[in-house]
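S.K.: Kindly generate the corresponding structure for this input.
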Amino acid sequence: MAGPPPPVTLIVGPEPVLVDRAVADVVAAVRAVDPSAERRIIDGASDEAAADIAEAVAPTLFGDGAIVVIESGESLDESALSMLTELIGAPVDGVAVVVVHEGKGNKGKKVLTALRGAGAPEIACPALRKGRDTMSFLTAEVRRHGRKATSDALRVLYDAVGHDPRALAGAISQLCADVDADPIDEAVVRRYFVGVADVAGYQVADAVWERRTAAALGDLRWVVQTQGRSSVGPAVTAALGSGLRAVARVQGMPRGMSDAAIAGEIGMPPWKVKVATAQGRRWRPERLAAATVRLAGLDVAMKGGLRGAALDPEQKLAALERFVIDVGAAG
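M.R.: From the prediction side, this is the model:
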């Protein structure tokens, strides 16, 4: 974003990693002018949203800068929306507001219509489709780090990590931080990511907790094909356990808390809270408890059993597949 940002910026779309990038760009633009500007996050779905916005955008005695990020902007009520449209017409010095709107369906249509009509600039964050969209995203991520990578390197990275924009962004960040070669080539990516068991394990885990049984089974087979049967075991169950703990911790938070508040309470990144919240919606508490018991038994079996009777690789794969099928079939 060149120059200071406008008083209100509208960020529209369901892709969390692109939303994060867009918000970060606005924050950077504000702090380029006022490095001390305070960032404040407001939940647009809260009953107190309008009052919180009024307080956040009010001029201060010392003219302190502020960056107000309104999440769940599609839920803003008429009072909050009226304040924002007035702010567009009569900006407050040093105050920049970002409205994050999921952009799905008819929900919050009046918010989009009002802010667009008032002249708020818009940043689109559409869901990243597999293939060309994601490859363009990878290229842009490398560029954000001031680096270059060959197209073959990015394709290998995509194949190794899978279609998870956050995981891909993290992989790019790691490569750019650790690798001196420029451009980053295919050999470097293969050395870092292809055949890394925990990367594949988290792919399996995400599919399990999102109740995508067929995809989880396919990912397990992919692990076997790319890494061999001996790689199927504790690394996968560790990833399953990590995902389960995240879902359980988020489900245990009081209803109505924003993602930012939950993140601060349990020490989890906001993006991970969003993922765990979405996964948790697919699980009734009693079914999640049953899955926890099953996973505990599976973990013991993967590590040799209570009596030290180790499973062979074929048995481990069969046990994992049975877990995926049984858990996925639970109502």
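S.K.: where along the stretch 101-250 of the chain do the strands fall?
M.R.: Under the criterion DSSP state E, counting those that start in this stretch, strands of the stretch 101-250 of the chain are mapped to 122-124.
S.K.: which residues of it score low on pLDDT?
M.R.: Within the stretch 101-250 of the chain, the stretches falling below the threshold (pLDDT under 70) are 105, 194-200, 225-232.
S.K.: Tell me the buried residues in stretch 91-106?
M.R.: Neighbour counts over stretch 91-106 (16 or more other Cβ atoms under 10 Å) mark G94, V95, A96, V97, V98, V99, V100, H101, E102, G103 as buried. Placement of C-beta: from N, CA and C, glycine included.
S.K.: what lines up beside the helix or strand where the fifth one lies in the sheet?
M.R.: V98 is part of strand 95-101 when elements are defined by DSSP states H and E. Based on DSSP bridges, the pairing partners of strand 95-101 within the sheet are strand 8-12 (parallel), strand 66-71 (parallel).
S.K.: Go through those and name the closest to P121.
M.R.: strand 8-12 (5.8 Å; Cβ to Cβ).
S.K.: Give the rounded mean pLDDT of the closest one.
M.R.: Here strand 8-12 scores 97 as its mean pLDDT.
S.K.: Could you identify the helix or strand that succeeds it?
M.R.: Elements were assigned by DSSP H and E; along the chain past strand 8-12, the next helix or strand is helix 16-33.
S.K.: Run the chain-centre distance for that following helix.
M.R.: Averaged C-alpha coordinates place helix 16-33 at 16 Å from its chain's average position (Cα atoms, centre = their mean, to the nearest Å).
S.K.: helices and strands around that helix, which ones?
M.R.: With contacts defined as 3 or more Cβ pairs under 8 Å, 6 or more residues apart in numbering; DSSP states H and E, the secondary structure elements packing on helix 16-33 are strand 8-12, strand 66-71, strand 95-101, helix 132-144, helix 165-178, helix 270-280.
S.K.: Paired strands for the helix or strand that that helix is followed by, with orientation please.
M.R.: With elements assigned by DSSP H and E, the helix or strand that comes after helix 16-33 is strand 38-43. Here the strand partners of strand 38-43, with direction, are listed using DSSP bridges: strand 66-71 (parallel).
S.K.: one step back: deepest-packed of the helices and strands packed on helix 16-33, please.
M.R.: strand 95-101 (a mean of 26; mean count of other Cβ atoms under 10 Å).
S.K.: what's the angle between that strand and helix 16-33?
M.R.: With axes from the mean of the first three to the mean of the last three Cα atoms, to 10 degrees as the basis, strand 95-101 and helix 16-33 are set at 170 degrees to each other.
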